[in-house]
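Asker: Provided below are the primary sequence and the corresponding predicted coordinates.
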Amino acid sequence: MVHWTAEEKQLIASLWSKVNVEECGAEALARLLIVYPWTQRFFASFGNLSSPTAIIGNPKVRAHGKKVLTSFGEAVKNLDNIKATYAKLSELHCEKLHVDPENFRLLGDILIIVLASHFARDFTPACQFAWQKLVSVVAHALARKYH
Amino acid sequence: MVLTTSDKNNVKTVFAKVGGSAEQLGAETLDRDVMFTAYPQTKTYFPHFDVHHGSAQIKAHGKKVVAALIEACNHIDDIAGALSKLSDLHAQKLRVDPVNFKFLGHCFLVVVAIHHPTVLTPEVHASLDKFLCAVGNVLTAKYR
């Protein structure tokens, strides 16, 4: 089980309370698809992904980004039980979606950069440390049921 | 992964905008990387350093690192040539495990995002990420 210090929990919750899930989610997913274009392989049905402008403006990208980050919020609410929280999603990503878990790590790092650009100096090194830990735990939980 | 003309221009834009604060960004990158230990394993390469937050040694080393990035940017058409001596040093003496260059690159992106969010558009982010990968590849190119 992951051990969270009281400070880490506070840093995570406090930042999360200020996150615009729709905007950050959309931006994180768009950046994933732009910075690591091979990730577009999972989104053939999303329509126009032909340029950064197209990706950023794509409504399906925005909607899916919001969905993904909303789900991330479940981890924030259940820090002491992330494994169980993502058990079903893990199975889904393995059996139905066939997503290489490396992509969870890539998205986690992109999310950190998006948070850094939004929160600037409030995204202190201690804050980054807590969030790096969180994205790592989430990625691990999502990969856990792979077989 | 090859840097396109567009990538090279984007990278030059970043370092032009960052300008005089580059040294401070370098110091902060290492601070986040090494000390607040987003990646504690990076501290294993600095047993001889004071690794506390704000350490003068870490700041000085951060300056060196960013100077190398600037050098690579200034010779972006031949990063391998520009960093050849540094590549030798990392292969023969320092032998920093290749994974750590990814961590450092990530922390540099975080620091740029914090201080210059408007510069780090998605396209520039992509180019800078590619550049940092290219630098890491050059520095580990002679490892074996």
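Answerer: Noted; the coordinates are in hand. Numbering: from 1, shown residues only, chains lettered A, B, ... in the order given.
Asker: show me the shaky parts of chain B.
Answerer: For chain B, applying pLDDT under 70 flags the ranges B:34-37.
Asker: kindly report the residues of it close to chain A.
Answerer: B:31-32, B:35-39, B:53, B:106, B:109-111, B:113-115, B:117, B:120-123, B:125-126, B:129 (Cβ under 8 Å from any Cβ of the partner chain). Using the backbone N, CA and C atoms, a C-beta is placed for each residue, glycine as well.
Asker: select only the buried ones of these in ChimeraX?
Answerer: Selection of buried members from the residues of chain B next to chain A for ChimeraX, criterion 16 or more other Cβ atoms under 10 Å in any protein chain shown:
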select /B:31,32,35,36,38,39,106,109,110,111,113,114,115,117,120,121,122,123,125,126,129
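Asker: and the residue of chain A found nearest chain B, how many neighbours?
Answerer: For chain A, the residue closest to chain B is residue A:125, as judged by Cβ to the nearest Cβ, at 3.3 Å. Residues within reach of residue A:125, counting by other Cβ atoms under 10 Å in any protein chain shown, total 19.
Asker: just checking, it touches residue B:54?
Answerer: No - here residue A:125 lies out of contact with residue B:54, judged by Cβ atoms under 8 Å, at a distance of 10.6 Å.
Asker: which residues do those two both contact?
Answerer: Taking Cβ atoms under 8 Å, 6 or more residues apart in numbering or on different chains as the criterion, residue A:125 and residue B:54 both touch residue B:31.
Asker: how about the residues of chain A near chain B?
Answerer: So chain A meets chain B at A:30-31, A:34-35, A:52, A:55-56, A:109, A:112-114, A:116-121, A:123-126, A:128-129, A:132 (Cβ under 8 Å from any Cβ).
Asker: what distance do you get for the residue in chain B sticking out farthest from the centre to chain A?
Answerer: The centre of chain B is farthest from one residue, residue B:144, which by Cα atoms, centre = their mean lies 21.8 Å away. Distance of residue B:144 to chain A, computed by Cβ to the nearest Cβ, to the nearest Å: 24 Å.
Asker: show me how to select, in PyMOL, the buried members of the residues of chain A next to chain B.
Answerer: Selection of buried members from the residues of chain A next to chain B for PyMOL, criterion 16+ other Cβ under 10 Å:
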select buried, chain A and resi 30+31+34+35+52+55+56+109+112+113+114+116+117+118+119+123+125+128+129+132
